[in-house]
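**Q** sequence-free structure coming up:
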Ligand SMILES: Cc1cc2nc3c(=O)[nH]c(=O)nc-3n(C[C@H](O)[C@H](O)[C@H](O)COP(=O)(O)O)c2cc1C
């Protein structure tokens with residue numbers, strides 16, 4: 001049976017992308033698929049140095065969790081017209097663990113002009129690790145949130161749609 005994972009990569013305790021990830025995780029749990037959750041801000045991960053970082057216990061735990069999943073939703077903040085350095089560090093620390101995964105994205109941003117910001121990251125997963133990236137992602141600005149809640153029904157529906165697509169793509173590709 002396929003296994004799924006939702007990864008939250010924001011370090012902000014009031015993160016909007018984490019709220020989006022929680023919506024996707026709840027939806028996958030309701031669909032009764034085998035789904036795990038991991039929040040990189042709780043792991044005390046080192047910065048990737050291309051050397052000693054790989055022996056770090058938290059980096060190894062993250063790597064094992066990623067390896068165990070077939071389909072992964074990455075919830076990420078948009079920083080400087082890219083995803084955050086923490087989201088990139090996650091890939092640098094875990095490398096080959098990403099091979100052949102199906103990936104969906106949930107991005108939180110400050111403004112609509114950063115809409116395509118996830119593409120460099122998505123390309124690196126596609127070309128470096130042959131991931132299949134779902135050609136639909138969720139992009140939400142602060143307007144979609146009311147304090148610690150997602151207040152925009154359209155964004156909520158789109159998150160659920162991406163989660164459903166993750167399951168559909170993963171089942172089709174992994175059998
Ligand atoms: C260092 C930094 C850089 C940012 N750069 C962008 C940006 O390029 N485009 C944008 O739309 N928002 C930008 N923002 C706003 C964040 O995307 C926004 O606060 C979002 O909610 C972050 O995700 P999070 O709430 O999950 O942490 C930036 C915020 C920070 C702190």
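**A** Yep, that arrived. All figures in this text were calculated on a predicted structure; none of them were measured in a lab. Numbering: from 1, shown residues only.

**Q** leaving aside the residues next to it on the chain, what's closest to residue 161?
**A** Spatially, and ignoring its direct neighbours in sequence, residue 161 is nearest to residue 136 (6.9 Å; Cβ to Cβ, 6 or more residues apart in numbering). Just so you know, the C-beta spots here come from the backbone N, C-alpha and C atoms, and that holds for glycine as well.

**Q** quick one: contacts for that neighbour?
**A** Applying Cβ atoms under 8 Å, 6 or more residues apart in numbering, we find residue 136 in contact with 104, 158, 161, 162, 165.

**Q** report all helices and strands that the biggest helix by length in the chain contacts.
**A** Longest helix of the chain, by residue count under DSSP state H: helix 153-174. Identification of packing neighbours for helix 153-174 by 3 or more Cβ pairs under 8 Å, 6 or more residues apart in numbering; DSSP states H and E yields strand 3-8, helix 16-30, strand 71-79, strand 102-109, strand 138-141.

**Q** can you say which of these is nearest to residue 127?
**A** If you check each of these against residue 127 by Cβ to Cβ, strand 102-109 wins as the nearest, at 12.8 Å.

**Q** that closest one to strand 71-79, inter-axis angle?
**A** Strand 102-109 and strand 71-79 are oriented at 20 degrees to each other (axes from the mean of the first three to the mean of the last three Cα atoms, to 10 degrees).

**Q** which secondary structure elements does the helix or strand just after strand 102-109 sit against?
**A** Reading on from strand 102-109 to the C-terminus, the next helix or strand found by DSSP states H and E is helix 119-129. Secondary-structure packing of helix 119-129 (3+ Cβ pairs under 8 Å, 6+ apart): strand 82-83, helix 85-94, strand 102-109, strand 132-133.

**Q** ok, residues contacting helix 119-129?
**A** Looking at what lies outside helix 119-129 - Cβ under 8 Å, 6+ apart - the contacts are 76, 82-83, 87-88, 91, 95-96, 98-101, 103, 105, 131-133.

**Q** report pLDDT for the spatially most central residue of the chain.
**A** Per Cα atoms, centre = their mean, the C-alpha nearest to the average position across the chain is that of residue 74, at 0.4 Å. According to the predicted model, the pLDDT of residue 74 comes to 98.

**Q** which ones are touching it?
**A** So residue 74 contacts 7, 9, 83, 87, 103, 104, 105, 106 (Cβ under 8 Å, 6+ apart).
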